[in-house]
Each structure stands twice: as C-alpha cells, then as structure tokens.
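Asks: have a look at this prediction, sequence included:
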Amino acid sequence: MATGQARVDPVSREVVELIGSVVARYHEEYDEAAAEHSLTGAQARLLSLLSLEPLPMRRIAQELKCEPSNVTGIVDRLESRGLVERRPDPADRRVKLAAATEEGRMVARRLRDSLHFAREPLGSLSPEERVSLRDLLQRMLAG
C-alpha cells in the first residue's frame, strides 16, 4: 500500500458504490423527465433552481458548478421558450436576476412530480427511517 493511502473498509466501499448507483439512477431519470418536457438536464436543473427563487447569474453558476457563460446560454434558451425572464435586482439595479415565469414554475412542478425514482424507494422506508437517512446524509455533507 502506498504511503498516505488510507485503507477503506469493505462496508464503506459498498456504501460509496450504493450512493453512486442512487445518484446515477436519479440523474438518468431526471434527464428522461427533462426530455419529456423538451429540456436538457442542465435546463431542467436551472429551471428547478429558479422555481424556488430568482437568482443572479453568478450564484446560479455556483449552485450548478459551471461557468457563468454556460448559465447565460441556458438562460437564453429558457427565456426564448417563456420559462425564464431576466429582471433587475431590487437591491442592486446593476445586477440582473434570472427568474422562472409562471409557466416555468408550472413546468418545474410537473418535472418534479414526474420523478418517481426519487420518491418510490423512499416510500418503502418508514417515516423514522427516512428521518434517519436524512440526518445521516446531512452529517455526511456537513463534514
């Protein structure tokens, strides 16, 4: 074993692989659901984000972990479909916010409702198990 490499126990390795499988299945279903609404996965993620609140382009890029120039192109395409609009930030008129339109929020809601994989496996867990899973995931992400 190389110096500095920690040995990973088999259970941890299996947990990491299972989390990877869950994430891969979620992204696969998410992309399929997005395509049903004539959206790319990136467009759907941006629209879902904006359905929660208007955001400046820089913050969207941070949330989506991509370059601001990519965000501009995605917003342009969603804006041309009437799903997103740009508006001045009331706190700083030099900043433009991207915001979901009413139609955009409706599409985001339908998209969210069509994600069965995200809900069905959780349905087989008891409410207490879901709370435990949530708490464990939050602890993992906080560390």
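Replies: Structure's in. What do you need? Residues are numbered from 1 along each chain as shown.

Asks: ok, now which ones touch residue 133?
Replies: 122, 125 (Cβ atoms under 8 Å, 6 or more residues apart in numbering). Heads up, the C-betas are built off the backbone N, CA and C, glycines and all.

Asks: now do the helix or strand of the chain with the lowest mean pLDDT: which elements does it pack against?
Replies: In the chain, no helix or strand scores lower on mean pLDDT, DSSP states H and E than helix 116-123, which sits at a mean of 73. Using 3 or more Cβ pairs under 8 Å, 6 or more residues apart in numbering; DSSP states H and E, the elements in contact with helix 116-123 are helix 10-36.

Asks: buried ones in the helix it packs on, by neighbour count?
Replies: 30, 31, 33, 34 (16 or more other Cβ atoms under 10 Å).

Asks: identify, from these, the entry nearest to residue 116.
Replies: Distance to residue 116 across the buried residues of helix 10-36 (Cβ to Cβ) is lowest for residue 33, with 8.8 Å.

Asks: dump the strand ranked longest in the chain to CSV, restricted to CA.
Replies: Across the chain, the longest stretch assigned as strand under DSSP state E is strand 92-100. Only the C-alpha atoms of strand 92-100 are listed here, as CSV (Å, rounded to 0.1, in the frame of the first residue of the first chain):
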residue,chain,number,x,y,z
ASP,A,92,-28.8,46.4,-6.8
ARG,A,93,-30.1,47.5,-10.2
ARG,A,94,-26.8,46.8,-11.8
VAL,A,95,-27.3,43.1,-11.2
LYS,A,96,-29.8,41.0,-13.3
LEU,A,97,-31.7,38.2,-11.7
ALA,A,98,-33.0,35.2,-13.6
ALA,A,99,-36.4,34.2,-12.5
ALA,A,100,-38.8,31.4,-13.5
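
Asks: right, I'll leave it there.
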